[in-house]
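Student: got a predicted structure plus its sequence, pasted below:
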Amino acid sequence: MNSQLILKSFFPFQAGFAIDGSHLPKVTDAEVQLMREQFDVLTSENCLKASNVHPQENVYEFAAADALLDFAEKNGIEVIGHCLVWHQRCPEWFFDDDGKPASREKILDRLRLHIHTLLKRYRGRIAGWDVVNEAIADKGEYLRDTKWVQNVGEDFLEKAFEFAHEADPEMPLFYNDYNIELPDKRERTLRLLKHLQSRGVRMDAVGIQGHWQLDQVPFDEIEKAIVAYHALGLKVMITELDIDVVERPDCGADVSAHRAYSLKEDPYRESCPPEILQKQAEQYAKLFAIFNKHREKITRVTFWGLHDGRSWLNHWPGVRTNHALLFDRQCRAKPALAAIAATMS
Ligand code: 9MR
């Protein structure tokens, strides 16, 4: 037993974590025990992204995703598919026609086939899909300026949802993004979600990713966002939660941002000081007090990684040693777990 406190027993929403199919060969018994004990649901961290699963037009690489599904089923854990459309990890072939830009029709045909193939292959085994990821601009008017917008048009979003619904009419479908709790991006996201709804798009939930930093968790804005998204008739999910304890530049969760870390800027290589762990516990507790208050609006809270050693924040925006999650590298509960439990009891 890793801890007496079990997330899935005291969460009023589903308790989730992200892991990738490619990690499975190296997963330890302690990690499997932690997953089974603590969590209801996992999100496929990378293996269902287009560049992983569909690297060339007629080539699908299903092995990692198949292994993840088998593993999850064997261990009684549900799976969320992540993600059907993203400007990152989207192979160039989608937009190419023998060296010339592909037509809108051709790209949409490819997108339709991509979405149908994945949804049908895993029908009955995946409990929900992030359909579009990170389409809202960090700054500026409205949508992020990507090849999807440039080569298809702003309606690539409604097409993606339409194709997913067509492929599996029962499948819960989500829009997922980071920083969409902050006022500017929240306004743009509300505009997008309302537009999609006005076009008759079926969408079940909005995922607020939740990649926050120790001293900069925007508590009030998070609460306002939960209320505003729910008011549109959508469920709210916190889909990629972590609290970074090492300084990083202001770049949201944009995976294209990079920065080198010197040894001096990587202060917690050996261990994380108790006062930092305590501060992190307090921040997590304040967050979960908000989530608990709005428990009827929130259906899932997913951490982006199983434990500190398996967090993307050890590699982004540069290589450093992070301690962002509820369990340490030995799968032991950190102070944050007890703090969350206390705030929710
Ligand atoms: O955690 C993921 C990391 O392993 C990948 O290298 C990266 C690029 O595919 O994506 C990370 O996950 C991202 C997620 O898919 C979307 N929101 C931001 C996440 C962290 O970058």
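Tutor: It's in.
Student: only C-alpha atoms from now on, for both contacts and neighbour counts.
Tutor: Noted.
Student: show me which residues of the strand or helix carrying residue 341 are buried.
Tutor: Per DSSP states H and E: residue 341 is located in helix 335-344. Within helix 335-344, the residues that count as buried by 16 or more other Cα atoms under 10 Å are 335, 336, 337, 338, 339, 340, 341, 343, 344.
Student: quick check: which helices or strands does it pack against?
Tutor: helix 7-10, helix 274-293 (3 or more Cα pairs under 8 Å, 6 or more residues apart in numbering; DSSP states H and E).
Student: go through the shortest one and flag the buried ones.
Tutor: Residues 7, 8 are the ones in helix 7-10 that count as buried (16+ other Cα under 10 Å).
Student: try stretch 274-290
Tutor: 277, 279-290.
Student: got the contact list for it?
Tutor: With Cα atoms under 8 Å, 6 or more residues apart in numbering as the contact definition, stretch 274-290 has outside contacts at 214, 217, 219, 223, 243, 245, 334-337, 339-340, 342-344.
Student: which one among the residues you listed gets closest to the ligand?
Tutor: Of all these, residue 243 has the smallest distance to the ligand: 12.4 Å, by Cα to the nearest ligand atom.
Student: next, give phi and psi for the closest residue to residue 68 other than its chain neighbours.
Tutor: Spatial nearest neighbour of residue 68, chain neighbours left out: residue 21 (4.7 Å); criterion: Cα to Cα, 6 or more residues apart in numbering. Main-chain dihedrals, residue 21, degrees, to the nearest 10: phi -60, psi -30.
Student: wait, what's in contact with residue 21?
Tutor: Here residue 21 is in contact with 44, 45, 46, 47, 64, 65, 66, 67, 68 (Cα under 8 Å, 6+ apart).
Student: who's in contact with the nearest residue to the second one once chain neighbours are set aside?
Tutor: The shortest distance from residue 45 to any non-neighbouring residue, by Cα to Cα, 6+ apart, is to residue 20 (4.7 Å). If a contact means Cα under 8 Å, 6+ apart, then residue 20 has 43, 44, 45, 46, 47, 64, 68 as its contacts.
Student: contact residues of this protein facing the ligand?
Tutor: Proximity of the chain to the ligand, by Cα under 6 Å from any ligand atom, involves residues 45, 46, 89, 253, 255, 312.
Student: re earlier: going by distance to residue 232, which of the buried residues of helix 335-344 wins?
Tutor: The closest of the buried residues of helix 335-344 to residue 232 turns out to be residue 344 (Cα to Cα; 26.3 Å).
Student: is the closest one in contact with residue 10, as I believe?
Tutor: Yes: Residue 344 is within contact range of residue 10, at 7.5 Å (criterion: Cα atoms under 8 Å).
Student: for the residue of the chain most remote from its centre, grab phi and psi.
Tutor: Most distant from the centre of the chain: residue 98, at 33.8 Å, with distances by Cα atoms, centre = their mean. The phi/psi pair for residue 98 (degrees, to the nearest 10) reads phi 50, psi 50.
Student: over to residue 94?
Tutor: Main-chain torsions, residue 94, degrees, to the nearest 10: phi -60, psi -30.
Student: give the burial count for it, as a bare number.
Tutor: A total of 22 residues lie near residue 94 under the criterion other Cα atoms under 10 Å.
Student: a helix runs through residue 111, doesn't it?
Tutor: Yes: counting by DSSP: H, G, I helix; E, B strand; the rest coil, residue 111 falls inside a helix.
Student: distance of the residue nearest to residue 68 from the ligand?
Tutor: Distance of residue 21 to the ligand, given as Cα to the nearest ligand atom, to the nearest Å: 11 Å.
Student: and the residue of the stretch 51-200 of the chain closest to the ligand?
Tutor: For the stretch 51-200 of the chain, Cα to the nearest ligand atom, closest residue to the ligand: residue 89, 5.9 Å.
Student: I figured that residue hits residue 49, correct?
Tutor: Yes: under the criterion of Cα under 8 Å, residue 89 is in contact with residue 49, at a separation of 6.5 Å.
Student: so between those two, which is more surrounded?
Tutor: Each of residue 89 and residue 49 has its neighbours counted (other Cα under 10 Å); residue 49 has more, 22 against 14.
Student: helix/strand/coil for the closest residue to the more buried one other than its chain neighbours?
Tutor: Excluding its sequence neighbours, the residue lying closest to residue 49 (Cα to Cα, 6+ apart) is residue 83, at 5.5 Å. Secondary structure, three-state DSSP: residue 83 is strand.
Student: hmm, residue 83 is touching residue 134, no?
Tutor: No: using Cα under 8 Å, residue 83 makes no contact with residue 134, being 10.2 Å away.
Student: after the helix or strand hosting residue 227, which helix or strand is next? Please name it.
Tutor: Element membership of residue 227, judged by DSSP H and E, is helix 219-231. On the C-terminal side of helix 219-231, the closest following helix or strand by DSSP H and E is strand 235-244.
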